Structure formats: C-alpha cells, structure tokens
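Trainee: Dropping a prediction and its sequence here:
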Protein chains: 2
Amino acid sequence: MVNHTDIKETIKHISGLYSPLSEACILDLASVSKVLSFDKPTIIVREGQFANKTYFIIKGCARAFYLKDGKDITDWLAFENDFISAINSFFLDIPSPHYIEVLEASELLEFSREDSLILSDKYHDFERLASKVITRTLLQLQQRVVSIQFETAQQRYENLLNIRPDITQRVPLTHIASFLGITLETLSRIRSPKNRI
Amino acid sequence: MVNHTDIKETIKHISGLYSPLSEACILDLASVSKVLSFDKPTIIVREGQFANKTYFIIKGCARAFYLKDGKDITDWLAFENDFISAINSFFLDIPSPHYIEVLEASELLEFSREDSLILSDKYHDFERLASKVITRTLLQLQQRVVSIQFETAQQRYENLLNIRPDITQRVPLTHIASFLGITLETLSRIRSPKNRI
DNA sequence: CGCCGAGTTGAACTGAATCAAGAAACGTGG
DNA sequence: CCACGTTTCTTGATTCAGTTCAACTCGGCG
C-alpha cells in the first residue's frame, strides 16, 4: 500500500476539472486529505457507519450500494475523476444506509465533511467547487429519473455503454443491472447476440 | 396584482427554514427579489427560454414539466416553502427544456442566478443557504430514483398522499400521474374504490 | 342545451420480473 | 496444472404490473 500519488498534483487536477482553487486553498486541502490505495475489491464504508468522508477517484472505480430486503442494489457508480460518498450520511450526519465498495485496483483521495466545511468557510474558491460538484450530481440524478421513466432497459444499457464503453470489463454485470434498475437476467438477454438486429 | 407580501418578512422566513442569514444579507437579497402574484394557472417559464431565475413559493404551488414527443411530463411539483426553477437552464445557462407553470392562485418570490452568485460572493451565509437548498433537492431526487425503481405505482401514490394529503384537490390527476411516472389510467384505477381492500 | 376537458372503465397487449436450470469462468488447494 | 467448488452469467417458461387504445361518464360553462 505504498502511495506514489502526489496529493497536491491530484488536487490541482480536481481544481482544473471542477473549479479553480487558489494555491493556499490547495495546500490547505492537501494537508487534510489522504490518499487511499487498494489492489482489489474492498468495502470501504459499511451500512450503519457515520460516513462523513468523501472520496475522489484518482484511478479505478467504486460503487455505492444498499441492501433492500437482503438484495444488493447498486445505486451509484463512479470512475476516474468522479466523487463518491454515502450522501445521506455525509450530508445529514446520520448512519449510512449505503455501503461503498471499491471495485478495482484503485486510488482515492479522501477528506472529511468537517474539513470541507472548514475549507468552505475559509476559501470561497472551495465552497464554489463543492457547490459545483453537488450541482453536477443533482443534474445527473435528474437525468437518471427521466431515463428510468421513459427509456427501455435496452436504451438505458446502450446509453451507459456510450458513456462508458469499458464498463462491462470493469464492473460485474450484476452491479450494472441493478444500477440500471433491471434484473441480471434481463441485462443478460439484452446483451445476448440474438437480440442484436 | 397588488402585492401585499412583505419581501423582508418572506426572506426571514426562508432563512428560518433553511439556514440563517444576517440582517445585511436579508436586506440585500430583498433588494434584488421581487414578488410575483398569480390568481390562476399560468405558465411562467417556457421551453427554450434562458430561465435564469429561481422561485420560492410563498403560497400556492407550481410544477416543472417538459414535452416528450408532444406529451406533457411533469417532473417536479413544488408547494409552499419549496423552491422551484428550470434547473438545467438555471445551472448550466442553456435554453430551458422545461416549462414552469403555477397551478393555483400563488405568490412567488423571484431572484436571478446572477444575483444569487453575487450574494454568494458577498455573504457566506447566503452561499450556505443556497448549498443547503441544492443538497436537499439532491437527496430528494436520490430518494425518487429509489422509489421509482422499487415501489409499485400504488405505493408511490400512497407515499405522495402521506406527504401531501391535499394534493388531489390542488393538482390535476394528469400531472400527479406523470409526476409518479404512471399513466392517468393507472392512477385512476389505483384511486378507484374497488381497489381499496 | 350541447360541447369540451378531465377522469373512469374495459380489454388486449407487452416489457420486464420471477422462478428454475444449467453453462462458463474463476480461484484455490492439492 | 488439474480437479473442485463457488460465483457469475445465460437461457427458458411463466407471470404480472402497468401500458395502450378505445369507449364512455360526468361536471362545468359559453
């Protein structure tokens, strides 16, 4: 678990992706952040925990899931350059209904809700970046509601493939299916060669 | 269309609901806000507009909808103390895919994205409030994804009734149905007395 | 009075779920 | 490197919630 990633570079990268941060803010954020490395699938947040951390995915991918009547339901998938966290716990400070699992050999940058609030007070830059991340997620979720309501299972799968062509190599089909809101069997039929016109 | 509502009082009320604002911030926000009054259903934002305003509902209710293949799809309903806006246009500064329609005799407080950015720069209070509103909406949307995926039409309708028992008196069934992601016919059957055990 | 929009009811249809078996891939220890 | 058990994925048959299409009811209003 040696850490080869330079935190400061990573944060500069985030700043470039989302919203510019001042040098001082970058250093401050670097000082409260930590890089986590995993070489295989690992659960990093469990149901019931107060999951007051957010994770930026430097490399690899992760999912948020919960158990509904014992069944594993993936409700968010995140890849390089995405953030992921157990949003209910993170924002409402309640025990998390979600698990978070890293799915590949991955590197994550982690920092806490508390530090992010402190940084938001101190650096207007940072608050703006945070708000951008949240807004982006909001719009994605809105899009997802539309897609669940009006697209067939097949369309949703094809859209996902367009956005993320390598997803089937990286994420087990069970998780993809439940993320799409369909059963594994249905996904398997959609993917079956017979089904391709 | 005389306006009896005191803007400052309304903003104090918002501040109490979401996150406290300083007196100076309240005054500043009041100076860039405006109260809109309607006495009957009215479309206040149309598809294609740059809808860079947000609306806080003082009294009444409103919906956001869009046309999908000519069909009217309600995708958000807002009541007293809720905010509503054409989120895609508001956050991304693109022409709005959504319409916004006020559904009853209503009063709204309106202010622009631009003013809200200015206020966010000037008052940390305000930025925090804005971020709270967005976060709350994010969590609601997430809940909605879960509900569409795992609840039956009937359960979704009953949940809506629990949260908003008067909704059927205030919002036409067509809009309720499409908000729930079901057809008017299905909603009608769910509501039919025969269906109650 | 007759029309019109909103809601209801009925019958047939369909996309996806469920239940049940089996095949393929995968990893672990002998 | 192979035999095994486990997990992941596929395929088939059946069922079901909700859609679609079509006809009908009802209440308001010009």
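Mentor: On my side now, so go ahead.
Trainee: do stretch A:73-80 and chain B meet at all?
Mentor: Yes: using CB under 8 Å from any CB of the partner chain, stretch A:73-80 reaches chain B at A:73, A:75. All C-beta spots, glycine's among them, are computed from the backbone N, C-alpha and C.
Trainee: quick one: that stretch near DNA strand D?
Mentor: No: for stretch A:73-80, no contact with DNA strand D is found by CB under 7 Å from any atom of the strand; the gap never falls below 11.5 Å.
Trainee: Export only the CA atoms of that stretch, formatted as PDB.
Mentor: As requested, C-alpha coordinates have been extracted for stretch A:73-80 and formatted as PDB (Å, rounded to 0.1, in the frame of the first residue of the first chain):
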ATOM      1  CA  ILE A  73     -28.800  -2.700  -5.000                       C
ATOM      2  CA  THR A  74     -26.100  -0.600  -6.700                       C
ATOM      3  CA  ASP A  75     -27.300   2.900  -6.800                       C
ATOM      4  CA  TRP A  76     -24.200   4.900  -7.900                       C
ATOM      5  CA  LEU A  77     -21.200   4.000 -10.000                       C
ATOM      6  CA  ALA A  78     -18.200   6.300 -10.000                       C
ATOM      7  CA  PHE A  79     -15.000   6.200 -12.100                       C
ATOM      8  CA  GLU A  80     -11.800   8.300 -12.500                       C
END
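Trainee: Give the buried residues for that stretch.
Mentor: A:73-79 (16 or more other CB atoms under 10 Å in any protein chain shown).
Trainee: try stretch A:98-112
Mentor: Those buried within stretch A:98-112 under the rule 16+ other CB under 10 Å are A:98-104, A:106-111.
Trainee: picking up where we left off before, quick one: which of the buried residues of stretch A:73-80 sit in strands?
Mentor: Under the assignment DSSP state E, those contribute A:73-78 to strands.
Trainee: check which helix or strand covers the closest residue to A:S116 other than its chain neighbours.
Mentor: Closest residue in space to A:S116, ignoring its immediate chain neighbours: A:A130 at 6.2 Å, by CB to CB, 6 or more residues apart in numbering or on different chains. Using DSSP states H and E, A:A130 sits in helix A:124-150.
Trainee: Now do the buried residues in that helix.
Mentor: A:125-131, A:133-135, A:137-139, A:141-142, A:144-149.
Trainee: And stretch A:168-182, by the same measure?
Mentor: In terms of neighbour count (16+ other CB under 10 Å), stretch A:168-182 has its buried residues at A:171, A:175-182.
Trainee: Looking at those residues, which one is closest to B:F91?
Mentor: Nearest to B:F91 among the buried residues of stretch A:168-182, counting by CB to CB, is A:F179 at 24.0 Å.
Trainee: Remind me what the helix or strand hosting A:H13 packs against, helices and strands.
Mentor: Using DSSP H and E, A:H13 sits within helix A:7-18. If you count contacts as 3 or more CB pairs under 8 Å, 6 or more residues apart in numbering or on different chains; DSSP states H and E, helix A:7-18 packs onto helix A:23-32, strand A:34-38, strand A:53-59, strand A:106-112, helix A:124-150.
Trainee: CA atoms only: put the fourth one into PDB for me.
Mentor: What follows is strand A:106-112 as a C-alpha-only set of coordinates in PDB (Å, rounded to 0.1, in the frame of the first residue of the first chain):
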ATOM      1  CA  SER A 106      -7.900   2.000  -7.200                       C
ATOM      2  CA  GLU A 107      -6.600   5.100  -5.700                       C
ATOM      3  CA  LEU A 108      -8.900   7.500  -3.900                       C
ATOM      4  CA  LEU A 109      -8.400  10.900  -2.300                       C
ATOM      5  CA  GLU A 110     -10.300  11.200   0.900                       C
ATOM      6  CA  PHE A 111     -11.300  14.200   3.000                       C
ATOM      7  CA  SER A 112     -14.000  14.700   5.700                       C
END
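Trainee: between the buried residues of stretch A:98-112, which is nearest B:Y157?
Mentor: Using CB to CB, those come closest to B:Y157 at A:H98, 26.5 Å.
Trainee: Contacts only, for that closest one.
Mentor: For A:H98, the contacting residues are A:45, A:47, A:51, A:64-66, A:75, A:86-89, by CB atoms under 8 Å, 6 or more residues apart in numbering or on different chains.
Trainee: residues from chain A in reach of DNA strand D?
Mentor: Applying CB under 7 Å from any atom of the strand, we find that chain A lies next to DNA strand D at A:172-174, A:184-185, A:187-189, A:191-192, A:194.
Trainee: Just grab the bridge partners of the nearest residue to A:I58 once chain neighbours are set aside for me.
Mentor: Spatially, and ignoring its direct neighbours in sequence, A:I58 is nearest to A:E107 (4.1 Å; CB to CB, 6+ apart). For A:E107, the beta-bridge partners under DSSP bridges are A:S37, A:K59.
Trainee: what's the distance between A:E107 and A:D39?
Mentor: 10 Å (CB to CB, to the nearest Å).
Trainee: and if you look at A:D69?
Mentor: Relative to A:D39, and taking CB to CB, A:D69 is found at 32 Å.
Trainee: try A:A62
Mentor: Counting by CB to CB - A:A62 and A:D39 are separated by 14 Å.
Trainee: out of these two, which sits in the more crowded spot?
Mentor: Between A:A62 and A:D39, A:A62 has the larger neighbour count (other CB atoms under 10 Å in any protein chain shown), namely 26 against 11.
Trainee: Surely that one touches A:T74?
Mentor: No: taking CB atoms under 8 Å as the definition, A:A62 is not a contact partner of A:T74, at 10.5 Å.
Trainee: Residue numbers of chain A in contact with DNA strand C?
Mentor: So chain A meets DNA strand C at A:152-154, A:181-183, A:185-186 (CB under 7 Å from any atom of the strand).
Trainee: ok, 10 Å please
Mentor: Applying CB under 10 Å from any atom of the strand, we find that chain A lies next to DNA strand C at A:40-41, A:69, A:71, A:148, A:150-157, A:172, A:177-178, A:180-190.
Trainee: Need the buried ones from these selected in ChimeraX.
Mentor: To isolate the buried ones among the residues of chain A next to DNA strand C in ChimeraX, judged by 16+ other CB under 10 Å, type:
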select /A:148,153,154,156,157,177,178,180,181,182,187,190
